[in-house]
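K.L.:
this one's structure only:
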């Protein structure tokens with residue numbers, strides 16, 4: 001089995017989150033479950049973090 005390491009797009013917080021998620025073979029749902037995100041669309045929160053459209057609160061960090 002071959003594995004292609006993902007590329008780090010830039011040094012932004014969202015790009016680093018996406019890079020680590022992909023290196024660890026995790027889905028957005030896995031990350032949302034790990035951080036115990038609730039609500040209707042926890043995957044949307046992770047997507048927004050990765051796209052730098054929103055930032056986590058200080059308490060979340």
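P.N.:
Looks like it arrived, so ask away. Everything numeric here is computed off the predicted structure, so don't read it as measured data. Numbers count the residues shown, from 1 in each chain.

K.L.:
Okay, the residue lying closest to residue 35 once chain neighbours are set aside and residue 30: tell me how far apart.
P.N.:
Nearest residue to residue 35, sequence neighbours excluded (CB to CB, 6 or more residues apart in numbering): residue 60, at 7.6 Å. For glycine as for every other residue, the C-beta is placed from the backbone atoms N, C-alpha and C. To residue 30, residue 60 is 17 Å away according to CB to CB, to the nearest Å.

K.L.:
more crowded one of these two?
P.N.:
Legend: neighbour count by other CB atoms under 10 Å for residue 60 and residue 30, higher for residue 30 (14 against 10).

K.L.:
Would you enumerate the residues in contact with that one?
P.N.:
residue 21 (CB atoms under 8 Å, 6 or more residues apart in numbering).

K.L.:
List the buried residues in whatever helix or strand it lives in.
P.N.:
Element membership of residue 30, judged by DSSP states H and E, is helix 28-34. Buried residues in helix 28-34, counted by 16 or more other CB atoms under 10 Å: 28, 31-32.
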